[in-house]
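[1] This is a predicted model, with the sequence first.
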Amino acid sequence: MSKPDYDYIIAGGGLSGLSLGYRLIHSELSAKKILLVDQTLEPKNDKIWSFWHEGSPPFQDLIYKSWKQIKVGFGDQMILQPLERYTYHSIKSSVFEKVVLKQLQNHSSVDLLEDTIVSLEGDESRATLKTSTNSFTADYIFQSCLTPAEIEQDSPCYPLIQHFLGWEVETADNVFDSSTVTLMDFDPNFSGGIAFIYILPQSPQKAMIEYTIFSDQLKQKPFYEEKLAIYLHNKYNLRPLDYKITRTEYGKIPMQDHRYVPRYAPRVINMGTVGGLTKPSTGYTFSRIQRHVEDIIHQLIANGKPALPHRSPFRYRAYDLWLLQIIHDHPATAMQIFEQLFSNNSIDEIFRFLSEDHSLLQDFKTMSRVAYPPFFRAIWKTRKRLFEI
Ligand SMILES: Cc1cc2nc3c(=O)[nH]c(=O)nc-3n(C[C@H](O)[C@H](O)[C@H](O)COP(=O)(O)OP(=O)(O)OC[C@H]3O[C@@H](n4cnc5c(N)ncnc54)[C@H](O)[C@@H]3O)c2cc1C
């Protein structure tokens, strides 16, 4: 059989595909022949990726702002806390894509192709990517663009979506506290899920402000827009003429009890959101993608075989599933749980728990500070599903 066209094909040039491409060309594997395919290789100004990190963060030079204080609000009560262990960072997708694509373009062993991928197949010796006009083979394909059939055909019990609309606003006056991220300022008037405002202030005159909902029903855009306008008025006394909307960000992130599907086909490894790397109870994905990419490179160097997407330990899959059940079936109770969680634990502790970096004892400490009965009900309700995911 002839040699494959490439060592590796990266199918999908979004966050995970570009993170992998970047790490590969900066590793011992930089001479490997790589093809990266995406339907568009034009940098998109459509996302701000935020994450907490201890120590020196990934893509440090591309970070546009970092914060050491977090605020969480419940009606009239506002909790403000410094971060001791972690720092909260944000990266703009447009900057990330521009910089990484340029480096890949200038690298002698990387080819870039703008085309729509129609299929990905694999067998024990090679993997094949097909577009409508071309076909390419590789030792391995890393894919973040096609949802695996097992996930398409599965019916999650708690099909929640994190959906949000954000405005980047600029004001003439100093309005925002640029030292503090508002992680969640809950909307007590929302029903049918839970909803909150999320604010990333860039300067006293500029902030990204998002209205975010965890529910199984999307809303029409005017709904989020009205909520944002009301919040800007109530919180900062701003009327529409007092601010300029310089960018809009709309997003949907799956928060579901999905199955673990590490491969799309033999030799085709799933990555990113389609690889199940979104944490079901929060929607955060950035750091989990970086960890998978690091593992892939490490294992390719060590034994020539790529790492599969990380699967959360059983107990974290259980916590996520219980919380999904409570948010989905009893959103008002979920709000109370969030309030207890944030009132009785430091944000550092919560971030560590959500990073799945706690000992069992620490987990119990964090969980013991919220009411038990909703969790007992959730354990009973989810008992079958827990062993399917
Ligand atoms: C608006 C928004 C904001 C987010 N913010 C955060 C955040 O702050 N923190 C966080 O942790 N997570 C965040 N997420 C979740 C997650 O980190 C992002 O969705 C992230 O981009 C996922 O990376 P990915 O590589 O899996 O997918 P993507 O970045 O979406 O990349 C997939 C790529 O595949 C390409 N593609 C798709 N189909 C085809 C095809 N048939 N042929 C060729 N190419 C194709 C697409 O063009 C795209 O470039 C956010 C998500 C959204 C939608």
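    Yep, that arrived.
[2] got the residues of this structure near the ligand?
    12-17, 37-40, 47-51, 116-117, 144-145, 249, 251, 253, 272-273, 284-286 (Cβ under 6 Å from any ligand atom). (C-beta placed from N, C-alpha, C; glycine too.)
[3] burial count for the residue lying closest to residue 44 once chain neighbours are set aside?
    The shortest distance from residue 44 to any residue that is not its chain neighbour, by Cβ to Cβ, 6 or more residues apart in numbering, is 6.0 Å, and that residue is residue 93. Using other Cβ atoms under 10 Å, the number of residues around residue 93 comes to 18.
[4] need the contact list for residue 93.
    Contact analysis of residue 93 by Cβ atoms under 8 Å, 6 or more residues apart in numbering lists 15, 43-49.
[5] now these: which count as buried?
    The neighbour-count test (16 or more other Cβ atoms under 10 Å) marks 15, 43, 47-49 as buried among the contacts of residue 93.
[6] JSON lines for those residues, including secondary structure, distance to residue 277 and pLDDT?
    Formatted as JSON lines, those follow (DSSP: H, G, I helix; E, B strand; the rest coil; distance: Cβ to Cβ, whole Å; pLDDT from 0 to 100):
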{"residue": "15", "secondary structure": "helix", "distance to residue 277": "10", "pLDDT": "98"}
{"residue": "43", "secondary structure": "coil", "distance to residue 277": "22", "pLDDT": "88"}
{"residue": "47", "secondary structure": "coil", "distance to residue 277": "15", "pLDDT": "94"}
{"residue": "48", "secondary structure": "strand", "distance to residue 277": "18", "pLDDT": "96"}
{"residue": "49", "secondary structure": "strand", "distance to residue 277": "13", "pLDDT": "97"}
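[7] Out of the residues of the chain next to the ligand, list just those in helices.
    15-17, 286 (DSSP state H).
[8] now that we have those residues, which one has the most neighbours?
    Neighbour-wise, these (other Cβ under 10 Å) top out at residue 16, 30 neighbours.
[9] Quick one: neighbours of the nearest residue to that residue once chain neighbours are set aside, just the number.
    When the adjacent residues along the chain are set aside, residue 16 lies closest to residue 272, with 3.4 Å between them (Cβ to Cβ, 6+ apart). Other residues lying near residue 272 total 26 when counted by other Cβ under 10 Å.
[10] pLDDT below threshold where in the chain?
    Within the chain, the set of residues satisfying pLDDT under 70 comprises 1.
[11] According to the record, where do the domains of the protein fall?
    What automatic domain parsing lists as the domains of the chain is 6-153+260-303, 161-255, 314-387.
[12] and of the buried ones among the contacts of residue 93, the nearest to residue 300?
    Of all these, residue 15 has the smallest distance to residue 300: 19.6 Å, by Cβ to Cβ.
[13] Quick one: residues contacting that closest one.
    For residue 15, the contacting residues are 47, 49, 93, 96, 144, 272, 285-286, 289, taking Cβ under 8 Å, 6+ apart as the criterion.
[14] hmm, 7 Å instead?
    Counting by Cβ atoms under 7 Å, 6 or more residues apart in numbering, residue 15 touches 49, 272, 286, 289.
[15] ok so, going back, what is the nearest of the contacts of residue 93 to residue 6?
    residue 15 (21.3 Å).
[16] quick one on the thing from earlier: switch the contacts of residue 15 over to a markdown table, and while doing so, append distance to residue 311 to every line.
    What follows is the contacts of residue 15, written out as a markdown table (distance: Cβ to Cβ, whole Å):
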| residue | distance to residue 311 |
| --- | --- |
| 49 | 22 |
| 272 | 15 |
| 286 | 18 |
| 289 | 14 |
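[17] what's the most distant pair in those?
    Put simply, by Cβ to Cβ the two of the contacts of residue 15 set farthest apart are 49 and 272, 11.7 Å from each other.
[18] need the strands for the stretch 51-200 of the chain, in chain order.
    In chain order, the stretch 51-200 of the chain shows strands spanning 63-67, 69-74, 77-82, 87-92, 110-114, 117-122, 127-131, 135-143, 160-171, 180-186, 194-203, with DSSP state E, counting those that start in this stretch as the criterion.
[19] Sorry, wrong one. I was asking about the stretch 201-350 of the chain.
    In the stretch 201-350 of the chain, the segments counted as strands under DSSP E, counting those that start in this stretch are 206-215, 243-255, 263-265, 268-270.
[20] So which of those is the most surrounded?
    Mean neighbours per residue, mean count of other Cβ atoms under 10 Å, is largest over the strands of the stretch 201-350 of the chain for strand 268-270, with a mean of 25.
[21] so what does that one touch, helix or strand wise?
    Taking 3 or more Cβ pairs under 7 Å, 6 or more residues apart in numbering; DSSP states H and E as contact, the helices and strands that strand 268-270 lies on are strand 135-143, strand 263-265.
[22] Look up the residues forming beta bridges with the residue lying closest to residue 248 once chain neighbours are set aside.
    Among residues not flanking residue 248 along the chain, residue 167 sits closest, at 6.0 Å (Cβ to Cβ, 6+ apart). Note on residue 167: beta-bridge partners residue 209, residue 248, judged by DSSP bridges.
[23] Tell me where the stretch 251-389 of the chain has helices.
    286-303, 314-329, 331-344, 347-354, 360-367, 373-381 (DSSP state H, counting those that start in this stretch).
[24] What residues of the last one count as buried?
    Just to be clear, that refers to helix 373-381. For helix 373-381, using 16+ other Cβ under 10 Å, the buried residues are 374-375, 377-378, 381.
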